[in-house]
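Participant: Quick one: sequence and predicted model below, then my questions.
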Amino acid sequence: MALILKSIKLSCMQTNCYLVFDSEKKNALVVDPGEYNQALENMLKENKIEKLDYILLTHGHFDHILGTKKLSDNFGGKIVIHKDDEICLRDKTYSLSSPYASGEAVCKADILVADGDKLPFASRDITVIHTPGHTKGGVCYLLENMLFSGDTLFKGTVGRSDFPGGDYKTLLSSAAKLTRLEGNYNVYPGHEDFTTLEEERWSNPYCQ
Ligand SMILES: [Zn+2]
Ligand SMILES: [Zn+2]
């Protein structure tokens, strides 16, 4: 069964939200539902997804998590986040959502992950890579040839490190950790364009 990937931009930050499912539609997951709206619901319904296995959160910023509660209420899915960003699901100060005053961030994580953890999905493993620097509990998820890089690695650059919990040097070592992965991956970042790890190895000044 091949894996199929769809994406949509959500929230005022135009955050990339991803839907991955196998061709038989037995397993499905969503990465970073920054908002729950009709477009997200339509993406699931159009692809005949009735139930999610996971909602994977790359980190706890509001533009990546605010749709989590409604999405899991409507489609299920274990909520997965790194233990150091879990507080963002409960506390608006940490998710930076205070100015947006939305109550829907409040939810409970089902799985708290750490570096190297593996989650079974569609006869494969999702591997968790802890990549702090943008936030303390930022992670990337590896699944087959896909790398969901959150706000750690973007096409040609890296994420901001000036938010609470961020640290520039740590972010650079996280980018280097990704660069050192063997082989090539399609990189699906939290914002802007998709890229590949090989392209970033050669062209991204923060990956040198
Ligand atoms: Zn962020
Ligand atoms: Zn973001």
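Facilitator: Noted; the coordinates are in hand. Ligands and ions are numbered 1, 2, ... in the order given.
Participant: list the buried ones in the lowest-mean-pLDDT helix or strand in the chain?
Facilitator: When each helix and strand of the chain is scored by mean pLDDT, DSSP states H and E, helix 92-95 comes last, with a mean of 85. For helix 92-95, the neighbour count (16 or more other Cβ atoms under 10 Å) marks 92, 94-95 as buried. C-beta coordinates here come from the backbone N, C-alpha and C atoms, glycine included.
Participant: again, but for stretch 2-18
Facilitator: So for stretch 2-18, counting by 16+ other Cβ under 10 Å, buried means 3, 5, 8, 10-11, 13, 15-18.
Participant: now, which of those lie close to ligand 1?
Facilitator: Filtering these for proximity to ligand 1 by Cβ under 5 Å from the ion leaves nothing.
Participant: Format those residues as CSV; extra columns: distance to Ala39, pLDDT and secondary structure.
Facilitator: What follows is those, written out as CSV (distance: Cβ to Cβ, whole Å; pLDDT from 0 to 100; DSSP: H, G, I helix; E, B strand; the rest coil):
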residue, distance to Ala39, pLDDT, secondary structure
Leu3, 22, 97, strand
Leu5, 16, 98, strand
Ile8, 6, 98, strand
Leu10, 8, 95, strand
Ser11, 11, 90, coil
Met13, 15, 92, coil
Thr15, 13, 97, strand
Asn16, 13, 98, strand
Cys17, 9, 98, strand
Tyr18, 14, 98, strand
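Participant: Return the member of those residues nearest to Asn186.
Facilitator: Within the buried residues of stretch 2-18, proximity to Asn186 (Cβ to Cβ) peaks at Leu5, which comes in at 8.3 Å.
Participant: Nearest residue to the closest one in space, please, no chain neighbours.
Facilitator: Nearest residue to Leu5, sequence neighbours excluded (Cβ to Cβ, 6 or more residues apart in numbering): Val20, at 5.3 Å.
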